[in-house]
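Trainee: Return a 3D structure for these sequence lines:
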Amino acid sequence: MTKRIVVTGIGATSPIGGTAQESWDNLLAGASGVRTLEQDWVAKYELPITIAGQAAVPATDVLPRMETKRLDPSSQFALIAAREAWADAGTPGVDPERLGVDWATGIGGVWTLLDAWDTLRERGPRRVLPMTVPMLMPNGPAAAIGMDLGARAGERTVVSACASSTESIANAFEHLQAGLADVIIAGGSEAAIHPLPIASFAAMQALSKRSDNPATASRPYDVSRDGFVLGEGAAALVLETLEHAEARGARIYAEVLGGAVTSDAYHITAPDPEGSAAARAMIAAIENAGLALTDVVHVNAHATSTPVGDIAEYYALRRVFGDHLESIAVSATKASTGHLLGGAGAIEALFTVKALHERVAPPTINLENQDPAIPLDVVTTPRDLGTGDLLAISNSFGFGGHNAVAAFRSF
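Mentor: Take a look at the predicted model:
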């Protein structure tokens, strides 16, 4: 029997807000979370890029010191978002064996790993912390959430670059459909604003060089776009079967229609310029729900602000929707948040859910001169999505050719 799956709780900590609601409010207001990095390691390593989307509220301001000492920042962000989402869902009364976690990260505990390496080189093996391996593991965030909430139906971790947390939502949908749980916390987190990732992304010419004007650096679809801005944070969605949600009288934000995952098999970093596999993911996410492509009214695009990535996604969208694409309101929210890597799909799915719940598409900031080669209907001020049944998708594409799409409907 096909089950209906709904979103009953949301939580986030992002560059534009310490909570889901604050992040959403600031997104609608056109805020930017991108700022100049003030850490001493920027000058120490002579980093060529000196801006990033740092979390608006440091995790150390939210969690007690004992927790922060035993968790990598990626797990700290995860725990903050998951706790908010769980409380927002009304702390569901669910058998622990029917509660699961589907979480994601693109890089994992990079701060823990590299700090431990520095300690080993400079101070010797006896000074390396015994919790180093549990803290750096990519499944550390999922484990932290699972232990905190007592989830015993499984703690799964997806690591598929920037498609990771959209894939975790697709997996959660499938696991609920399969009857493996009644409630699942899904989402993703990333904390990679560290000298090494910045230096590496800069070396591959992936980051925007607009360090002199941080707030306008990420500019999807603009003719002057020159790369993405690294961001950090986490977002969580509480997903549950409609039957379970209604039985406990839960508030419902939106319905999850499903998700799809494909791969380009093209290049380790560059997207397939024709967008054929990305298009297949969008088609599958929509058609698997038994709906028509023309039902889609809103897309939260991957839109990283890279010259090749934005246009490849446009070709994929055109391949999927044809002339109907002109009737779809497209939002590119990385312009405000920066790129949260493995956590990007989760925060963008949350924004998609909020867009459907409030029937308003969020704006894309910094679009001053839209690339004529990408003639999308880009939302630049909050836009009313109208009444009736609304269908939206959230796209995520990652290094390695990973493509993931999640589909949602208003409830």
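Trainee: quick one: stretch 157-177 to chain centroid distance?
Mentor: Chain-centre distance of stretch 157-177: 11 Å, with C-alpha atoms, centre = their mean, to the nearest Å.
Trainee: Can you mark which positions in that stretch are buried?
Mentor: Of all the residues in stretch 157-177, those buried under the rule 16 or more other C-beta atoms under 10 Å are 157-173, 175-177. In this view, the C-beta of every residue, glycine as well, is placed from N, C-alpha and C.
Trainee: One more: stretch 25-38?
Mentor: 26-28, 30-35, 37.
Trainee: Quick one: mean pLDDT for it?
Mentor: The average pLDDT within stretch 25-38 is 98.
Trainee: Contacts for that stretch, please.
Mentor: Stretch 25-38 is contacted from outside by 14-17, 47, 50-54, 56, 193, 211, 214-218, 229, 231, 333, 335-338, 351, 360, 362-363, 365-366, 381-382, using C-beta atoms under 8 Å, 6 or more residues apart in numbering.
Trainee: Just the ones of these in strands?
Mentor: In strands, defined here by DSSP state E, the members of these are 51-52, 360.
Trainee: Figure out the helix or strand that G11 lives in.
Mentor: Using DSSP states H and E, the secondary-structure element containing G11 is strand 5-13.
Trainee: Tell me which other helices or strands that strand touches.
Mentor: helix 20-28, helix 73-88, helix 164-177, strand 233-241, helix 242-247, strand 254-263, helix 344-358 (3 or more C-beta pairs under 8 Å, 6 or more residues apart in numbering; DSSP states H and E).
Trainee: Just put those in JSON lines and tack on distance to I283.
Mentor: JSON lines is the format used below for the helices and strands packed on strand 5-13 (distance: least, C-beta to C-beta, whole Å):
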{"stretch": "helix 20-28", "distance to I283": "28"}
{"stretch": "helix 73-88", "distance to I283": "30"}
{"stretch": "helix 164-177", "distance to I283": "14"}
{"stretch": "strand 233-241", "distance to I283": "23"}
{"stretch": "helix 242-247", "distance to I283": "25"}
{"stretch": "strand 254-263", "distance to I283": "8"}
{"stretch": "helix 344-358", "distance to I283": "18"}
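Trainee: which one of these lies closest to A142?
Mentor: Among those, the nearest to A142 by C-beta to C-beta is helix 73-88 (7.7 Å).
Trainee: so which of the helices and strands packed on strand 5-13 comes closest to V133?
Mentor: Within these, the stretch nearest V133 is helix 73-88; the backing value is 13.1 Å (C-beta to C-beta).
Trainee: partners of the helix or strand following that closest one in the sheet?
Mentor: Where DSSP H and E defines the elements, the next helix or strand beyond helix 73-88 is strand 99-104. According to DSSP bridges, strand 99-104 has the following sheet partners: strand 155-158 (parallel), strand 183-190 (parallel).
Trainee: just those: most buried one?
Mentor: Stretch with highest mean neighbour count among the strands paired with strand 99-104: strand 183-190 (a mean of 34; mean count of other C-beta atoms under 10 Å).
Trainee: Quick check: nearest residue in space to W24, chain neighbours excluded?
Mentor: Leaving aside its chain neighbours, W24 sits nearest to K354 (5.0 Å; criterion: C-beta to C-beta, 6 or more residues apart in numbering).
Trainee: on that earlier part again, selection in ChimeraX covering whichever of the contacts of stretch 25-38 are buried, please.
Mentor: For the buried members of the contacts of stretch 25-38, the matching ChimeraX selection, counting by 16+ other C-beta under 10 Å, is:
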select :14,15,16,17,47,50,51,52,53,54,56,193,211,214,215,216,217,218,229,231,333,335,336,337,338,351,360,362,363,365,366,382
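Trainee: May I see the buried residues of stretch 25-38 organised as TSV, with distance to G100 added?
Mentor: Listed next are these as TSV, based on distance: C-beta to C-beta, whole Å:
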residue	distance to G100
N26	31
L27	29
L28	32
G30	37
A31	34
S32	35
G33	31
V34	34
R35	36
L37	37
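Trainee: so which of those residues comes closest to D72?
Mentor: Taking C-beta to C-beta as the measure, L37 is the one of the buried residues of stretch 25-38 closest to D72, at 19.4 Å.
Trainee: If we ignore the residues flanking it in sequence, what's nearest T50?
Mentor: Excluding its sequence neighbours, the residue lying closest to T50 (C-beta to C-beta, 6+ apart) is S211, at 4.5 Å.
Trainee: what about the one you found, distance to N369?
Mentor: S211 sits 21 Å away from N369, going by C-beta to C-beta, to the nearest Å.
Trainee: Please apply the same query to T91.
Mentor: 48 Å.
Trainee: Equivalent analysis for H298, please.
Mentor: As for H298, its distance to N369 is 24 Å (criterion: C-beta to C-beta).
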